[in-house]
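Enquirer: coordinates for the following, if possible.
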Amino acid sequence: TKAFDPPIVLTSTNTTITLRVFSPAIGEKILLKVENVPAGGSASQEVQVSSTKANAWETLTFTFAGAGTYNTIAVLPHFNTAVTAETAFYIDELKRPVPGGGGGGGGSGDIDFSDPNVGLGAFGDDGGGYAAIDNDPTDATNKVAKIVKKVETRNTWALRFTPMSPPRRSTRRWC
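Expert: As a prediction, this is how the structure comes out:
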C-alpha cells in the first residue's frame, strides 16, 4: 500500500475531514478511519456519523479527537450492521488536512475519484462487498467510488483508499 504524500495530518486545531456521501437511506452509519498501513499499523482514529439524506449527495463532517499523522483512509458504510439486500453507497470529494493546509481540506488535501492516481482496496472479514470507480448516480460525467455491501453474516467490510503506484485507470476496478 502506497502512503498519501502529503500525509493526513491531524493537529489540535485541524481535526476535520469531510466526505460527500450518497447513501440509500437516512440514518446510515458511516465510519471514517485514518490509519497507518502497513508500517505502524496500530496507529488509528475513527469517527462515525449518520447520513441525513436518502438517495442524494450530502457532505458529512468527521471531527477527530486528537492529533496524529496517517497514510491511509478507510470508509466503512452501514457500519457494524448486516444488510438484508445488496446495498450501494457512493463517495466523492474527500477533503483532508495536510501539512500547512486548512481544516476540512483544500489544495493538495482534496481527493476526487476522477483522479486516476487514487487507488481502491476493499477489505473485510468475509468478502462482504466490493468497490469500484463508477459513474456518479446523478451525473454520468463524474467518476466516484462505489461501495457495495453484500448480504452477510459478519458485518466488518470497508473501502480503503490511497494513492496508486503506478497510475492506472479503469472504469470498473474490482477489489
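Enquirer: may I see the buried residues of the top strand by length along the chain?
Expert: Longest strand of the chain, by residue count under DSSP state E: strand 139-149. Residues of strand 139-149 classed as buried by neighbour count (16 or more other Cβ atoms under 10 Å): 143-149. C-beta here means a position set from N, CA and C on the backbone, and glycine is covered the same way.
Enquirer: ditto for stretch 45-55
Expert: Buried residues in stretch 45-55, counted by 16+ other Cβ under 10 Å: 45, 47, 49, 51.
Enquirer: could you pull up the mean pLDDT of that stretch?
Expert: Per-residue pLDDT over stretch 45-55 has a mean of 95.
Enquirer: same thing with stretch 93-101?
Expert: The pLDDT scores in stretch 93-101 average 75.
Enquirer: which residues of the chain fall in helices?
Expert: Using DSSP state H, the chain contains no helices.
Enquirer: list the contacts of the nearest residue to residue 8 once chain neighbours are set aside.
Expert: The shortest distance from residue 8 to any residue other than its chain neighbours is 4.4 Å, reached at residue 70 (Cβ to Cβ, 6 or more residues apart in numbering). By Cβ atoms under 8 Å, 6 or more residues apart in numbering, the residues touching residue 70 are 4, 7-8, 10, 34-36, 43-45.
Enquirer: just the buried residues out of the residues you listed, in PyMOL syntax.
Expert: Burial among the contacts of residue 70 is assessed by 16+ other Cβ under 10 Å; the matching PyMOL selection reads:
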select buried, resi 4+7+8+10+34+35+36+45
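Enquirer: including distance to residue 83, could the buried residues of stretch 45-55 go into TSV?
Expert: Formatted as TSV, the buried residues of stretch 45-55 follow (distance: Cβ to Cβ, whole Å):
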residue	distance to residue 83
45	26
47	22
49	19
51	14
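Enquirer: so which of those are in strands?
Expert: Per DSSP E, the subset of the buried residues of stretch 45-55 in strands is 45, 47, 49.
Enquirer: pick the one among the residues you listed closest to residue 17.
Expert: Using Cβ to Cβ, residue 47 is the member of these that lies nearest residue 17, at 8.1 Å.
Enquirer: please name the bridge partners of that closest one.
Expert: Beta-bridge pairing of residue 47 under DSSP bridges involves residue 32.
Enquirer: that one against residue 31, yeah?
Expert: Yes - the pair residue 47 / residue 31 is scored as a contact, 7.3 Å apart, by Cβ atoms under 8 Å.
Enquirer: any low-confidence regions in the protein?
Expert: For the chain, the stretches with pLDDT under 70 are 1-5, 38-42, 99-109, 117-128, 152-175.
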